[in-house]
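Engineer: Pasting the sequence and the predicted model now:
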Amino acid sequence: LNDEIINYFLKNCLAKRDEKLCAKQSGRKRSHFFNSFFVQTMFDEKNSNYDLRGRYNYKNVRRWSKKVPGKDVFNLKYIFC
């Protein structure tokens with residue numbers, strides 16, 4: 001499947017469903033669905049330096065957690081990548 005189709009499904013189907021379930025159940029923790037490019041970006045798969053490709057690089061994704069519900073990754077029930 002195309003990455004954009006997967007991203008659409010995650011954002012518009014699963015994330016909205018999770019939001020509705022959390023609204024109905026007050027004690028339920030939210031989940032977050034990262035874009036399908038999150039892992040590829042985190043592991044620097046497109047780095048021009050072959051020695052750095054595939055290595056963990058937090059710098060590339062540190063701003064991505066700003067979109068997490070409640071702004072706290074550790075307060076989520078699940079994180080999907």
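Structural biologist: That came through fine.

Engineer: which residues are in contact with the lowest-mean-pLDDT helix or strand in the chain?
Structural biologist: Least confident helix or strand of the chain, by mean pLDDT, DSSP states H and E, is strand 78-80 with a mean of 84. Outside of strand 78-80, the residues within contact range by C-beta atoms under 8 Å, 6 or more residues apart in numbering are 10, 14, 31-34, 73. Every residue, glycine included, has its C-beta placed from N, CA and C.

Engineer: Can you give me the neighbour number for Thr41?
Structural biologist: Residues within reach of Thr41, counting by other C-beta atoms under 10 Å, total 15.

Engineer: Put the alpha carbons of the helix or strand where it lies into CSV.
Structural biologist: Using DSSP states H and E, Thr41 sits within helix 38-42. Output in CSV follows, covering the C-alpha atoms of helix 38-42 (Å, rounded to 0.1, in the frame of the first residue of the first chain):
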residue,chain,number,x,y,z
PHE,A,38,8.6,8.2,11.7
VAL,A,39,10.8,5.1,12.0
GLN,A,40,12.5,5.8,8.7
THR,A,41,13.3,9.3,9.8
MET,A,42,14.3,8.2,13.4
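
Engineer: what's the closest non-adjacent residue to the residue nearest the centre of the chain?
Structural biologist: Closest residue to the average C-alpha location of the chain: Phe34 at 1.6 Å, with C-alpha atoms, centre = their mean. Closest residue to Phe34 apart from its sequence neighbours, by C-beta to C-beta, 6 or more residues apart in numbering: Cys81 at 4.8 Å.

Engineer: Phe37 is in contact with that neighbour, correct?
Structural biologist: No: if you go by C-beta atoms under 8 Å, Cys81 and Phe37 don't touch, sitting 9.8 Å apart.

Engineer: And the residue nearest to Phe34, how far from Arg55?
Structural biologist: Distance from Cys81 to Arg55, counting by C-beta to C-beta, to the nearest Å: 17 Å.

Engineer: Can you show me the helices along the protein?
Structural biologist: Along the chain, the stretches classed as helices by DSSP state H are 3-9, 15-24, 38-42.
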